[in-house]
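Colleague: Just the structure for this:
(chains A, B, C and D)
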Protein chains: 2
Amino acid sequence: MAVKSEHIPKATIARLATYIQVLSEFKREGTDVVSSERLAEACSVNSSQIRKDLAYFGEFGVRGVGYYVQDLISSIKRSLGIDRAWNCALVGVGNLGRALLRHREFSRKGFVIRGAFDCDPYKIGEVVEGMEIVCSRQLPAKVKELGLEIGVITTPPERAQRAANYLIGAGIKGIINFAPARIAVPKHIHLEYVDFFHYFYAAAFHIRFNEQRD
Amino acid sequence: MAVKSEHIPKATIARLATYIQVLSEFKREGTDVVSSERLAEACSVNSSQIRKDLAYFGEFGVRGVGYYVQDLISSIKRSLGIDRAWNCALVGVGNLGRALLRHREFSRKGFVIRGAFDCDPYKIGEVVEGMEIVCSRQLPAKVKELGLEIGVITTPPERAQRAANYLIGAGIKGIINFAPARIAVPKHIHLEYVDFFHYFYAAAFHIRFNEQRD
DNA sequence: GGAAACCTGTTCAGAATTTCACAAATCACC
DNA sequence: GGTGATTTGTGAAATTCTGAACAGGTTTCC
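Modeller: Model prediction:
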């Protein structure tokens, strides 16, 4: 899938993910065709915004008609690169790591966790959700053997950097860091930070801010 | 804590959360004073950006010196409204809900889950992490009794709207929705969507995009 | 006490993003 | 086949956000 433009805003990528979610709902409800106006309302964004976001990747709609829901889902997925499966390595099998391993939705959405790694000797060998926990030192071998591309860090914060180093050394292409710590990676490795608390902070701020104005 | 400006960018709020994380690391390392330049480097942002973000809320630094780490953490927390505890209600005790209930970090960061609700009769009465699961119908009573302010939705998508309705009817002030579904709420209720997959999608996109350019 | 080195808070320019507005295309109906 | 009602894709305008630059304080050191 060709990208028409050189640079694509981060916000656009985030919205595309939302569009998929809402479009999937439309599909479940049996809606075949949707206008940017209707999709916009469901996503709480401006309809031009939607058309412009899509325009970065191609022309997916039909003038005078709208977008065919199933086609648009496929087109967005192809645009985002999630029209195929991605093999993931999970490093750090604590509470959060286990929850992610058990979360069926991952493989359903095309992100298949194919390796679970930890450096705790008490955990190594344990089987979680049909997956054996392996020593982190085996990462290089496993990454090659299983074709792992995305590393998911769910270690405690103090071990996040080491986990990242293992992953990078093993030749992973991108890292999603759930640990509450900043990590350093070379420029060619894509890095995403995930922090629930951001959302809680934002909620707290806005609630208090609203109260203040009354 | 006064807010100096009328409108504060969403991006600023997100960055403030990052600053707290990095500043806490500095504090653990024993650093007492930090310049915007050094903080900026650790957060991968521009130093003017940091000074500007902080300027929305007040003057927290000392010219010629920098910012006192502990003071700045406190100031940012006060600015965000997380200088006190927030009582949360969790609705939907599935896999994800249980993981959140077990996650110690929540109360440590000031978001205390004081009620766990579900509408499945098999789950009602069960005790998770010392908390008894209560029928969702009891939300109004419990919200008042316990002073719950933030609702956390971790139901399956098809039940998210109903959970939201219960919470809103019960007088909650803000909602954080982990369910992969859009929900409608009145304007005075603050709503945050949390979706891990956004990060995975973004990673997939950027990895593929980088490959394409080689 | 003064000079030099620092570093914040703030202004302003320009970069980036969002919204508007409309030409171009499609469909339904007469 | 033509007309009117729709709806997309896209320049241009409006808005928002970011980064460079610098005036205004602070500290250090002589």
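
Colleague: Give the buried residues for the longest strand along chain A.
Modeller: Among the segments of chain A that qualify as a strand by DSSP state E, the longest is strand A:111-118. With burial defined by 16 or more other Cβ atoms under 10 Å in any protein chain shown, the residues of strand A:111-118 counted as buried are A:111, A:113-118. To be clear about C-beta, it is placed using only N, CA and C from the backbone, and glycine gets the same treatment.

Colleague: same deal with stretch A:166-181?
Modeller: Residues A:166-168, A:170, A:172-181 are the ones in stretch A:166-181 that count as buried (16+ other Cβ under 10 Å).

Colleague: near chain B, from those?
Modeller: Residues of these in contact with chain B (Cβ under 8 Å from any Cβ of the partner chain): A:173-176, A:180-181.

Colleague: Output the contacting helices and strands for the longest helix along chain A.
Modeller: The residue-count maximum for a helix in chain A (DSSP state H) belongs to helix A:10-28. Judged by 3 or more Cβ pairs under 8 Å, 6 or more residues apart in numbering or on different chains; DSSP states H and E, the packing partners of helix A:10-28 are helix A:36-43, helix A:47-55, helix A:69-80, helix B:196-212.

Colleague: That one near DNA strand C at all?
Modeller: Yes. Helix A:10-28 lies within reach of DNA strand C by Cβ under 7 Å from any atom of the strand, at A:10-12.

Colleague: so the residue nearest to A:Pro156 when sequence neighbours are not counted, which of the three states?
Modeller: Sequence neighbours aside, A:Ala179 is the residue nearest to A:Pro156 in space, at 6.7 Å (criterion: Cβ to Cβ, 6 or more residues apart in numbering or on different chains). Here A:Ala179 is coil, with the state taken from DSSP: H, G, I helix; E, B strand; the rest coil.

Colleague: is it true that A:Ala179 touches A:Thr154?
Modeller: Yes. In this structure, A:Ala179 is within contact of A:Thr154 by Cβ atoms under 8 Å, at 6.8 Å.

Colleague: hey, what's in contact with both of these two?
Modeller: Common contacts of A:Ala179 and A:Thr154 (Cβ atoms under 8 Å, 6 or more residues apart in numbering or on different chains): A:Gly92.

Colleague: ok so, going back, how about CSV for the ones next to chain B among the buried residues of stretch A:166-181, with distance to DNA strand D and pLDDT added?
Modeller: As requested, these are arranged in CSV below (distance: Cβ to the nearest atom of the strand, whole Å; pLDDT from 0 to 100):
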residue, distance to DNA strand D, pLDDT
A:Lys173, 25, 97
A:Gly174, 22, 97
A:Ile175, 22, 98
A:Ile176, 21, 98
A:Pro180, 22, 94
A:Ala181, 22, 94
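
Colleague: Which members of the residues you listed are the farthest-apart pair?
Modeller: For these, the farthest-apart pair by Cβ to Cβ is A:Lys173 and A:Pro180; their separation is 23.3 Å.

Colleague: Kindly check the end-to-end length of stretch A:98-108 for me.
Modeller: With Cα to Cα, to the nearest Å as the measure, the ends of stretch A:98-108 fall 17 Å from one another.

Colleague: Check whether that stretch comes near chain B.
Modeller: Yes. With Cβ under 8 Å from any Cβ as the criterion, chain B is reached by stretch A:98-108 at A:98-99, A:102-103, A:105.

Colleague: List the buried residues for that stretch?
Modeller: A:98-101, A:103, A:106.

Colleague: Same list, the residues of helix A:10-28 next to DNA strand C, but as TSV with neighbour count, pLDDT and distance to B:Gly125 please.
Modeller: Below are the residues of helix A:10-28 next to DNA strand C laid out as TSV (neighbours: other Cβ atoms under 10 Å in any protein chain shown; pLDDT from 0 to 100; distance: Cβ to Cβ, whole Å):
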residue	neighbour count	pLDDT	distance to B:Gly125
A:Lys10	10	94	45
A:Ala11	13	95	44
A:Thr12	18	97	46
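
Colleague: from those, which is closest to A:Leu146?
Modeller: A:Lys10 (29.5 Å).

Colleague: any idea how far A:Asp53 is from A:Ala163?
Modeller: 34 Å (Cβ to Cβ, to the nearest Å).

Colleague: correction: A:Val93
Modeller: A:Val93 is 11 Å from A:Ala163, by Cβ to Cβ.

Colleague: which one of those two has more residues nearby?
Modeller: Legend: neighbour count by other Cβ atoms under 10 Å in any protein chain shown for A:Val93 and A:Ala163, higher for A:Ala163 (28 against 23).

Colleague: For A:Phe60, the count of nearby residues, please.
Modeller: Counted by other Cβ under 10 Å, the residues lying close to A:Phe60 total 17.
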